[in-house]
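In: Sequence and predicted structure are below.
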Amino acid sequence: MSLMQLETITGLFRGKELSEADKKEAIREALFMTLSRATAADSNVAGLEVSTVQRILKDAVGEEVSEKDIRVAANSALYKEGSLEKVLSKLAGKVDAAERCSIVTALAEVLKADGKVSPFEVEFFNGVVKALGLSHADVAGLE
C-alpha cells in the first residue's frame, strides 16, 4: 500500500478499529506525514532534509518515496481529515509510547539534517511531541 494514500489514517477518523497490521500501517503513514511536513516547518525546504526523509522512510518502512511526493505532502491540503496534530492525537491512543517515540526520533534527525534548527522547527517538534501524548521522559528515553 502506498504511503501517499493514507488509507489507515483516514480510517481512524471514521472510527475504524485497528488490527495489529493496521497499527503498523498507521505508524508508517504517520511517519511519512510527520517527516514530510517537517521539511516545510520553516521557510527553507532544504534538499538535505528531503533526502534525509527519503533515507529514513526507506530504512524504516522499506518504501522509496519520491522528492515530489514528499514536497506535495509537506505543502498541500492532502490531509482532508484534519491537521497533522489531530492525526497524531488520534494515533496516540492506538499505539504504544515506543512506536510514538520512533516518530519523534526520526523527526529530530530530519530537523537537524541541515545543521541548524530554527525556532519554527522547534515549535513544530514540540507540537508533534504534544500531539503524540509523549512526556519529556518518554522523548529522552527514560521510560
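Out: That came through, no problem.

In: From now on I want contacts and neighbour counts done on CA atoms only, so please keep to that.
Out: Will do.

In: Look at residue 2 and report its pLDDT.
Out: For residue 2, the model assigns a pLDDT of 60.

In: Next: the one 4 residues further on.
Out: Among the per-residue scores, residue 6 shows a pLDDT of 76.

In: so it makes contact with residue 28?
Out: No - here residue 6 lies out of contact with residue 28, judged by Cα atoms under 8 Å, at a distance of 9.3 Å.

In: ok, residues contacting the helix ranked longest in the chain?
Out: Longest helix in the chain, counting residues (DSSP state H): helix 20-38. Helix 20-38 is contacted from outside by 3-4, 6, 8-9, 50, 53, 57, 61, 70-71, 73-75, 84, 87-88, 91, 94-95, 99-100, 103, 106-107, 110-111, 121, 124, 128, using Cα atoms under 8 Å, 6 or more residues apart in numbering.

In: ok so, going back, neighbour count: residue 6 and residue 28, which is higher?
Out: residue 28 (22 against 19; other Cα atoms under 10 Å).

In: so where is the protein shaky, pLDDT-wise?
Out: Applying pLDDT under 70 to the chain flags the ranges 1-5, 42-46, 76-82.

In: Quick one, which of the contacts of helix 20-38 are buried?
Out: Burial by neighbour count, judged by 16 or more other Cα atoms under 10 Å, picks out 3, 6, 8-9, 50, 53, 57, 61, 70-71, 73-74, 84, 87-88, 91, 94-95, 100, 103, 106-107, 110-111, 121, 124, 128 from those.
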